[in-house]
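structure for this input, please:
(one chain, ligands or ions: 1)
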Amino acid sequence: MKQRKIGILAMQGDFAKHEAMLKSLGVKTILVKQIHNLQGCDGLIIPGGESTTLTKLIRNYGLHEPLRKFAKRHPIMGTCAGLILVADHVDDERVEPLRLIDITALRNAYGTQIDSFITQVDMQFLKDSQPFRAVFIRAPQIQVVGDNVDVLVTLKGQPVMVRNKKILALAFHPELTDDTRIHRYFLEQF
Ligand code: GLN
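As a prediction, this is how the structure comes out:
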C-alpha cells in the first residue's frame with residue numbers, strides 16, 4: 001500500500017505533538033504552512049491553538065478555499081481550536097470557520113484556562129472501548145445540528161467528539177496522551 005502522508009496545519013498551536021504521535025505510528029507527516037504544502041497530503045489535522053489567531057493566519061495565507069477544496073476529497077481531524085475551525089457555525093464572529101461539519105462550536109464554553117481539566121471519556125465507538133484520558137483546555141462545546149453528524153463520544157451527555165463522513169471534530173486534545181487510539185481511528189478513515 002502507498003505510504004500515506006498526513007498534513008498538520010502548522011501555523012500556530014499544538015501541531016508538534018500531533019506530528020510526534022503520527023510519527024510514532026510510522027506515518028509520514030508534512031507541516032502545512034502554505035497552500036503548496038497541501039499537495040501530496042492524504043489527510044489533514046487541524047490542531048488546538050487559538051481559533052481567532054488561526055483564522056487570521058489562514059486568511060493571510062489565502063488558505064480558506066484550498067482547505068475547503070481539500071476537505072471534499074480527504075479526511076480532516078480538527079481538535080479543540082481545530083474543531084472550531086471545521087464547524088459550520090461559531091458563536092464568535094472573529095472566527096471564520098471552514099464549514100465542513102454541521103455543528104455549532106461555542107468557544108471557551110467549559111470556562112477559561114483555570115477551568116481546563118482532564119477526565120476519562122468512554123470510547124464506545126471503538127472495539128477497544130476502554131476509557132480515554134481526555135485533556136480539555138479552554139475547550140469549545142459542540143451543539144450538534146445536522147442529522148448526518150454522528151456523536152462518537154460524550155461527556156455528561158454533551159457531545160465531545162463527532163463525525164460527518166471523513167470529518168472528525170474533537171473538543172479535547174488526543175495528542176496530549178500516550179493513547180494513540182484516536183489517531184489510529186483517524187487513519188482508518190482513508
Ligand atoms: N479556546 C481556544 C479557541 O477558542 C481553543 C483552545 C485550544 O485549542 N486548546 O480557539
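
could you find the closest non-adjacent residue to Leu31?
Of all residues not flanking Leu31 in the chain, Ala10 sits nearest, at 3.7 Å (Cβ to Cβ, 6 or more residues apart in numbering). (Glycine included, C-beta is placed from N, CA and C.)

could you check the pLDDT of the residue lying closest to His74 once chain neighbours are set aside?
Nearest residue to His74 in three dimensions, chain neighbours excluded: Gly43, at 5.2 Å (Cβ to Cβ, 6+ apart). According to the prediction, Gly43 has pLDDT 98.

tell me who's in contact with Gly43.
Each residue near Gly43 by Cβ atoms under 8 Å, 6 or more residues apart in numbering is listed here: Arg4, Ile6, Gly7, His74, Pro75, Ile76, Met77, Phe186, Leu187, Gln189, Phe190.

one more: Ala20?
By Cβ under 8 Å, 6+ apart, Ala20 lies in contact with Glu175.

Gln141 now?
Per Cβ under 8 Å, 6+ apart, neighbours of Gln141: Ala105, Leu106, Ala109, Tyr110, Gln158, Ala171.

same thing with Val135?
Val135 neighbours (Cβ under 8 Å, 6+ apart): Ser116, Ile118, Phe172, His173, Leu176, Thr177.

flag the least confident of the residues you listed.
Ser116 (90).

my read: it touches Arg138, true?
Yes: counting by Cβ atoms under 8 Å, Ser116 does reach Arg138; the two are 6.2 Å apart.

give me the common contacts of these two.
Tyr110.
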